[in-house]
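K.L.:
got a predicted structure here, sequence first:
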Number of protein chains: 2
Amino acid sequence: MIAEGNSFMDLALAEAAKAAATGEVPVGAVVVEAASGRVLAAAHNRVEADRDPTAHAELLALRAAAAQAGAPRLPDCDLYVTLEPCPMCAQAIAFARIRRLYYGAGDPKGGGVEHGPRIFQQATCNHRPEVYGGIADMAAGALLRAFFAQRR
Amino acid sequence: MIAEGNSFMDLALAEAAKAAATGEVPVGAVVVEAASGRVLAAAHNRVEADRDPTAHAELLALRAAAAQAGAPRLPDCDLYVTLEPCPMCAQAIAFARIRRLYYGAGDPKGGGVEHGPRIFQQATCNHRPEVYGGIADMAAGALLRAFFAQRR
């Protein structure tokens, strides 16, 4: 699959919508090979479906992309995700040596990039991707708000 | 499998030795159902073998234990690991609602519990396990030193 520019975030948003439709927290992620624009993996949150506390969209996308690439490190890849990654996913992004991270809405409660432990700013962090936040955050935020409003 | 007291850490050390034997960073982890002493999962680092940047011993053990338990949260379980968990694994431990974390050697360079972002001390951390560090740290540290000495 090949797509350009903001359409990678649109793919991530479509993944997030799939999560919402199955009662999962609506977050979607896409890993793209930067030079070719090839989508290596697209995933959404599956914590409840998979009964796996680590099944966040980013972790699933990173694992699938690494399997595709046949390597545990993806230095030529970018990750698009609809929500600011949590500390677990941010550290996984560093381990995977992702080149650029694009994310949608910031997450003051659970985020680990611009909030909480700010993983990439830790002196012990092994790799810092370029970070671009606030991409299509209106759409990403609307999905999340609708999800949590429905649950109340 | 049923074992008691320090023998859970011995199981984790045996897992770490398996990792060393296959050229992986030697870390092992075990998830135990606290009341019964039943070992739900035992795992070792498989980053290179699985080509998976997230395949740390703790993450693999948590995922396998959650699959065993049929639930993404394990509030009645303890985790034994030979090395201080990294920030990714510490956050996964919080998501899994692990009751107690027992670990071996501290890790000033890569740890996320008593070093770096100190995940469980973040205001945004959703759950704090009881933490017991320095368990069998001589054995865990010796395994790691031997591994890195061999690589130099």
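P.N.:
Right, received. Where do you want to start?
K.L.:
what helix or strand does A:Cys89 sit in?
P.N.:
helix A:87-95 (DSSP states H and E).
K.L.:
name every strand pairing with the strand or helix carrying A:Val30 and say which way it goes.
P.N.:
If you go by DSSP H and E, A:Val30 is part of strand A:28-33. Using DSSP bridges, strand A:28-33 pairs in its sheet with strand A:38-44 (antiparallel), strand A:77-83 (antiparallel).
K.L.:
just give me the residue closest to the centre of chain A.
P.N.:
A:Val81 (3.2 Å; CA atoms, centre = their mean).
K.L.:
show me the contacts for A:His115.
P.N.:
Applying CB atoms under 8 Å, 6 or more residues apart in numbering or on different chains to A:His115 gives the contacts A:Glu84, A:Gly106, A:Asp107, A:Pro108, A:Lys109, B:Thr124. Using the backbone N, CA and C atoms, a C-beta is placed for each residue, glycine as well.
K.L.:
sorry, wrong one. I was asking about A:Leu101.
P.N.:
A:Asp78, A:Leu79, A:Val81, A:Pro85, A:Ile93, A:Val113, A:Pro129, A:Glu130, A:Val131, A:Tyr132.
K.L.:
am I right that it sits in a strand?
P.N.:
Yes - counting by DSSP: H, G, I helix; E, B strand; the rest coil, A:Leu101 is part of a strand.
K.L.:
on that earlier part again, now, of the strands paired with strand A:28-33, which is deepest in the fold?
P.N.:
Highest mean neighbour count of those: strand A:77-83, a mean of 28 (counted as mean count of other CB atoms under 10 Å in any protein chain shown).
K.L.:
low-confidence ranges in chain A?
P.N.:
A:1-5, A:152 (pLDDT under 70).
K.L.:
one more time with 90
P.N.:
Low-confidence segments of chain A (pLDDT under 90): A:1-6, A:134-152.
K.L.:
neighbours of the nearest residue to A:Lys109 once chain neighbours are set aside, how many?
P.N.:
Leaving aside its chain neighbours, A:Lys109 sits nearest to B:Thr124 (6.2 Å; criterion: CB to CB, 6 or more residues apart in numbering or on different chains). Neighbourhood size, B:Thr124 [other CB atoms under 10 Å in any protein chain shown]: 16.
K.L.:
with the one 3 residues further on instead?
P.N.:
The number of residues packed near B:His127 is 15, by other CB under 10 Å.
K.L.:
report the contact partners of A:Ala20.
P.N.:
A:Pro26, A:Leu143, A:Ala146, A:Phe147.
K.L.:
again, only this time at 10 Å
P.N.:
A:Ala20 makes contact with A:Pro26, A:Val27, A:Gly28, A:His44, A:Asn45, A:Leu143, A:Leu144, A:Ala146, A:Phe147, A:Gln150, according to CB atoms under 10 Å, 6 or more residues apart in numbering or on different chains.
K.L.:
just confirm the fourth one contacts A:Leu59, I think it does.
P.N.:
I take that to be A:His44. No - proximity of A:His44 to A:Leu59 does not meet the contact threshold set by CB atoms under 10 Å, at 11.4 Å.
K.L.:
identify the contacts common to the two.
P.N.:
Here A:His44 and A:Leu59 have A:Ala29 as joint contacts, going by CB under 10 Å, 6+ apart.
K.L.:
isn't A:Glu130 up against A:Asp78?
P.N.:
Yes - with contact defined as CB under 10 Å, A:Glu130 reaches A:Asp78; the gap is 8.7 Å.
K.L.:
could you name every residue contacting both of those two?
P.N.:
With CB under 10 Å, 6+ apart, A:Glu130 and A:Asp78 have common neighbours A:Ile98, A:Arg99, A:Arg100, A:Leu101, A:Tyr102.
K.L.:
pick the one among those residues closest to B:Ala65.
P.N.:
Comparing the shared contacts of A:Glu130 and A:Asp78 against B:Ala65 with CB to CB places A:Ile98 closest, at 27.8 Å.
K.L.:
next one: that closest one from chain B, what distance?
P.N.:
Per CB to the nearest CB, to the nearest Å, A:Ile98 is found 9 Å from chain B.
K.L.:
now do the SS call for that residue.
P.N.:
coil.
K.L.:
out of the shared contacts of A:Glu130 and A:Asp78, flag the one nearest to B:Pro53.
P.N.:
A:Ile98 (9.3 Å).
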